[in-house]
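Visitor: 3D, please:
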Amino acid sequence: MNTNAKAYLVGGGIGSLAAAAFMIRDGKLPGSNIAILEAAPVLGGSLDGAGDAAGGYSLRGGRMLTTDNYECTWDLYKSIPSLNMEGKTVFEETVEFNEKYKAHSMARLVDRRRAKVPVTSMGFCMQDRLELLELSRADEDTMGTSCITDWFSPRFFETEFWYMWVTTFAFQPWHSAVEFRRYLHRFMLEFSRIETLAGVKRTIYNQYDSLVLPLQIWLKAQGVHLVTDCRVTNFDYKTEDKDFIVTAIHCLRRGTNEVIAVHSSDLVFMQNGSMTDASSLGSMTLPPKKLTKADSGGWTLWEKLAEGRPEFGNPAAFNSCIAQSCWESFTVTLKNPTFFDHMIHFSGNQPGTGGLVTFKDSNWLMSIVLAHQPHFLNQPADVQVFWGYALFPDRVGDFVAKPMAECSGAEILHELCGHLRFDFETVESANCIPCRMPYITSMFMPRSRGDRPLPVPNGSKNFAFISQFVEIADDVVFTVEYSVRAAQLAVYQLLGIDRQVPPITPHDKSLRTQFEALLKAFK
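Guide: Sure, this is the predicted structure:
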């Protein structure tokens, strides 16, 4: 690797941050030779966390973590110093935190009577078991663009398993059967403990403060140029001996058009597509605006590159139907402990030990989670924060006579209190900030082979993709791991790094794991 080479990373999400770290740590590229170009005012992409006690905190969402999987993520964070524990890495900090606060949900599902649903049984009949087995053994090429509904009878979608699995991972019945199958294999360990969420690990604070911030600070200390308010609008490129070579980057930086020359030894990494593209926030009095692709440039650059180049993928497979990829989350800031006290009494879990509480009969299919407090670095001791989301924001509520998508934060709290049978006074002084995300599950949309490009497309000499929309065999999207693994694969290939990317742990090949999953399926 030429250590005089420069690297440009388009997009400041976790994938780009990880790629920069791998280039420095494993590729020995000087940090000063690396620039991350981000259109937003802050880095972190979908792993965000913002706000304060006065104006209210906001999280679009958090990705599920485990320490039994996520091989590339922890390979990275074993090298990044903790901001909270001197002499420890982020990985060590996370392990210690989860040893202290073990997950064991005691109120995973709640029915319309506000009763805890028994979840030791998955609720399968023999037909459900046979259909699951058939899907798990299917070949991806044969499955093609089939949906989950193509593989299961209607009864399957009323099982306790379905409610727990889809609210843990955010699947919809019309999503890709291929992706659902990958999840069954990748997270087979979680199948036998899905009712307690014992395999889910949490960071000390929200994932921005716990994962993005320490990595960003480490990169800055290495001299990496972190450029915000810089939207990349186009690339210049040439073709030599059928190789695609980027020669320049066009960007709009703080209102001024700039062109960055890319030399033959330089590298360009691009985050193609975004699950939080065109997201919008509401307030206690207003619902979020209904933005679309026209309100954001997050997909445009990928569409330009992919036109006439099938090896660069097919963005239309993922961004063409907002109705099938949209859901809504909400973050609630409290200055009165009454709601948390009521939830502790109802659920039997202390904050940070229970995971998702899902109201399985709610029209919105609403879930909430109370994290360990404080959940933000700047959160005062007398303030509490919790997060929730709903998979069906287009449906009329059970206690509020309008779709969630048209509801203010106050109306969402009314709906929540209705399901819990709590007096509204428990949240009367709360600040609920709803967030609409039209593309949040776009990477789950049914797809054909080739719709997602390889991290380094065939014929690309100095250009790579890093995102949830690349193709990595056997791994699953909607995870931090997918972005980090894509980054590691792309960096190692373009830089020619002689180090193995950590392989995916084949838990699904373990006889013990298979046996435990079988026992769970027949309970």
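Visitor: distance check, the residue of the chain most remote from its centre against A278.
Guide: Within the chain, D241 marks the point farthest from the mean C-alpha position, 38.1 Å out by C-alpha atoms, centre = their mean. Going from D241 to A278 by C-beta to C-beta, to the nearest Å gives 39 Å. For glycine as for every other residue, the C-beta is placed from the backbone atoms N, C-alpha and C.
Visitor: ok, now V200?
Guide: Here V200 is placed at a distance of 28 Å from A278 (C-beta to C-beta).
Visitor: repeat for R485
Guide: Distance from R485 to A278, by C-beta to C-beta: 26 Å.
Visitor: of these two, who's got more company?
Guide: Per other C-beta atoms under 10 Å, whichever of R485 and A278 has more neighbours is R485, with 27 against 23.
Visitor: name the SS class of the closest residue to the more buried one other than its chain neighbours, please.
Guide: With C-beta to C-beta, 6 or more residues apart in numbering as the criterion, R485 has its nearest non-adjacent residue at 4.3 Å, and that residue is C72. Assigned with DSSP: H, G, I helix; E, B strand; the rest coil, C72 falls in the helix class.
Visitor: what pLDDT is listed against C72?
Guide: Listed pLDDT for C72 reads 97.
Visitor: that one against S483, yeah?
Guide: No: in this structure, C72 is not within contact of S483 by C-beta atoms under 8 Å, at 9.2 Å.
Visitor: overlap of the contact sets of these two?
Guide: With contacts defined as C-beta atoms under 8 Å, 6 or more residues apart in numbering, the residues adjacent to both C72 and S483 are A18.
Visitor: out of the two, which sits in the more crowded spot?
Guide: The neighbour comparison of C72 against S483 (other C-beta under 10 Å) goes to S483, with 29 against 26.
Visitor: before we move on, what SS does that one have?
Guide: helix.
Visitor: enumerate every residue touching the closest residue to it other than its chain neighbours.
Guide: The shortest distance from S483 to any non-neighbouring residue, by C-beta to C-beta, 6+ apart, is to G15 (3.8 Å). G15 is in contact with 45, 271, 466-467, 483-484, 486-487, counting by C-beta under 8 Å, 6+ apart.
Visitor: of the residues you listed, buried ones?
Guide: Buried positions within the contacts of G15, assessed by neighbour count (16 or more other C-beta atoms under 10 Å), are 45, 271, 466-467, 483-484, 486-487.
Visitor: just to revisit the earlier point, and the residue nearest to S483, backbone torsions?
Guide: Main-chain torsions, G15, degrees, to the nearest 10: phi -60, psi -50.
Visitor: quick one: D75 is in a strand?
Guide: No: D75: not assigned to a strand; according to three-state DSSP it is helix.
Visitor: quick one: buried residues of stretch 4-11?
Guide: Buried residues in stretch 4-11 (16+ other C-beta under 10 Å): 5-11.
Visitor: spatially nearest residue to R112, not counting backbone neighbours?
Guide: Once flanking residues are discounted, R112 sits nearest to D361: 4.0 Å by C-beta to C-beta, 6+ apart.
Visitor: again, but for K289
Guide: According to C-beta to C-beta, 6+ apart, the nearest residue to K289 is S280 (4.5 Å).
Visitor: tell me who's in contact with the residue nearest to E38 when sequence neighbours are not counted.
Guide: Of all residues not flanking E38 in the chain, G12 sits nearest, at 3.1 Å (C-beta to C-beta, 6+ apart). Going by C-beta under 8 Å, 6+ apart, G12 touches 36-38, 40, 42-45, 226, 228.
Visitor: buried subset of these?
Guide: For the contacts of G12, a burial check counting by 16+ other C-beta under 10 Å picks out 36-38, 42-45, 226.
Visitor: in the helix or strand where L133 lies, what counts as buried?
Guide: Secondary structure from DSSP states H and E places L133 in helix 126-137. For helix 126-137, the neighbour count (16+ other C-beta under 10 Å) marks 128, 131-132, 135 as buried.
Visitor: ok, stretch 175-185 next?
Guide: Buried residues in stretch 175-185, counting neighbours by 16+ other C-beta under 10 Å, are found at 175-185.
Visitor: how does this structure divide into domains?
Guide: Taking automatic domain parsing as the criterion, the chain consists of the domains 7-48+70-87+204-277+448-495, 121-195+507-521.
Visitor: circling back to that earlier point, how about the buried residues of stretch 4-11 in a markdown table, adding distance to P337 and secondary structure?
Guide: Output for those, formatted as a markdown table (distance: C-beta to C-beta, whole Å; DSSP: H, G, I helix; E, B strand; the rest coil):
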| residue | distance to P337 | secondary structure |
| --- | --- | --- |
| A5 | 55 | coil |
| K6 | 52 | coil |
| A7 | 48 | strand |
| Y8 | 48 | strand |
| L9 | 43 | strand |
| V10 | 44 | strand |
| G11 | 39 | coil |
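Visitor: does P457 sit in a helix, a strand or a coil?
Guide: On the basis of three-state DSSP, P457 is classed as coil.
Visitor: tally of neighbours for it?
Guide: The number of residues packed near P457 is 20, by other C-beta under 10 Å.
Visitor: once you drop chain neighbours, what's closest to it?
Guide: According to C-beta to C-beta, 6+ apart, the nearest residue to P457 is E311 (4.5 Å).
Visitor: repeat that for V95.
Guide: Nearest non-adjacent residue to V95 (C-beta to C-beta, 6+ apart): T67, at 6.4 Å.
Visitor: contacting residues around the one you found?
Guide: Each residue near T67 by C-beta under 8 Å, 6+ apart is listed here: 74, 94-95, 98, 201.
Visitor: check those residues and tell me the two furthest apart.
Guide: Farthest apart among the contacts of T67 by C-beta to C-beta are W74 and N98. That separation is 12.3 Å.
Visitor: nearest spatial neighbour of I217, skipping sequence neighbours?
Guide: Once flanking residues are discounted, I217 sits nearest to L83: 7.0 Å by C-beta to C-beta, 6+ apart.
Visitor: remind me which residues of the stretch 251-400 of the chain are low pLDDT?
Guide: Along the stretch 251-400 of the chain, the model assigns pLDDT under 70 to no residue.
Visitor: can you give me the helices for it?
Guide: 300-306, 316-319, 338-347 (DSSP state H, counting those that start in this stretch).
Visitor: can you list the buried residues in the longest one?
Guide: Of the residues in helix 338-347, those with enough neighbours to count as buried (16+ other C-beta under 10 Å) are 338-340, 342-344, 346-347.
Visitor: and if you look at the second one?
Guide: If you call a residue buried by 16+ other C-beta under 10 Å, then helix 316-319 has these buried ones: 317-319.
Visitor: could I get the residues you listed as CSV with distance to G450?
Guide: Output for the buried residues of helix 316-319, formatted as CSV (distance: C-beta to C-beta, whole Å):
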residue, distance to G450
A317, 9
F318, 13
N319, 16
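Visitor: other residues contacting the helix holding L133?
Guide: With contacts defined as C-beta under 8 Å, 6+ apart, helix 126-137 is touched by 124, 151-153, 155-156, 159, 161, 177, 180-181, 184-185, 521-522.
Visitor: got a markdown table for the buried residues of stretch 175-185, with pLDDT too?
Guide: Putting the buried residues of stretch 175-185 into a markdown table (pLDDT from 0 to 100) gives the following:
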| residue | pLDDT |
| --- | --- |
| H175 | 98 |
| S176 | 98 |
| A177 | 98 |
| V178 | 97 |
| E179 | 97 |
| F180 | 97 |
| R181 | 97 |
| R182 | 97 |
| Y183 | 95 |
| L184 | 95 |
| H185 | 94 |
